[in-house]
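Engineer: Turn this into a model:
(one chain, ligands or ions: 1)
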Amino acid sequence: MQPIEPIARAVEAFASLPGIGPKTAQRLTFHLLRLPPEAVRDLADAIVHMKEAVHFCSVCGNVTDVEPCSICGSDQRDRSTICVVEDPLAVMTLERTRIYKGLYHVLHGALDPLHGVTVEDLKIEELVRRVQGDSVKEVILATNPNVEGDTTAGYLERRLAPLGVNVTRLARGLPVGGDLEYADEVTLARALEGRRATP
Ligand SMILES: [Zn+2]
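Structural biologist: Sure, this is the predicted structure:
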């Protein structure tokens, strides 16, 4: 028997999310069917509200519900340092270490020419413009420890070198091949503290 249309539609919607296969999508759908209607409505409302309330900061590209974001707008942050990351999840991970006090720049991806992701697809020109402002002294490249992250960091090193800022990279020791978000806070804090100048 084919699943009835409303169920098939929900399963398909769940299965379109990262990390959710058809089995899990089915399990989630049947879990929701057993919940009281209010609980399902609360869940749906939370998702819709999140999508409507959250946007990307016009300065750093991080997720925010105010403009600029609370980090860019804070007078407690060191405005001479910008940490460059691939996605907003990495900002959250680095903030959890509590040792970084500078600003961020979110690229929204990594260079991946094989899959058509080029310089124009990332927030690279925005970064260059920020670095050209006279208050920036150090740019920390904290792209993910994988091939695309390394390619991106290499490109940024060459791009930023003529601008007269210190360009540094996180120390080795992060789990290779994964995303920054998988690193634990201690490892990440150590990688930040042990960052070194790029050649
Ligand atoms: Zn911001």
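
Engineer: quick one: average pLDDT of the helix ranked longest in the chain?
Structural biologist: Longest helix in the chain by number of residues (criterion: DSSP state H): helix 37-53. The average pLDDT within helix 37-53 is 96.

Engineer: what are the pairing partners of the helix or strand following that helix, and which direction each?
Structural biologist: Per DSSP states H and E, the first helix or strand lying C-terminal to helix 37-53 is strand 55-56. Sheet partners assigned to strand 55-56 using DSSP bridges are listed as strand 63-64 (antiparallel).

Engineer: Quick one: mean pLDDT for the partner strand?
Structural biologist: Mean predicted confidence for strand 63-64 is 96.

Engineer: again, but for stretch 155-171
Structural biologist: According to the model, stretch 155-171 has a mean pLDDT of 93.

Engineer: for stretch 76-92, same thing?
Structural biologist: Averaged across stretch 76-92, the pLDDT comes to 95.

Engineer: Using neighbour counts, pick out the buried residues of that stretch.
Structural biologist: Across stretch 76-92, burial judged by 16 or more other CB atoms under 10 Å covers 77, 81-88, 90-91. (Each C-beta comes from the backbone N, C-alpha and C, glycine too.)
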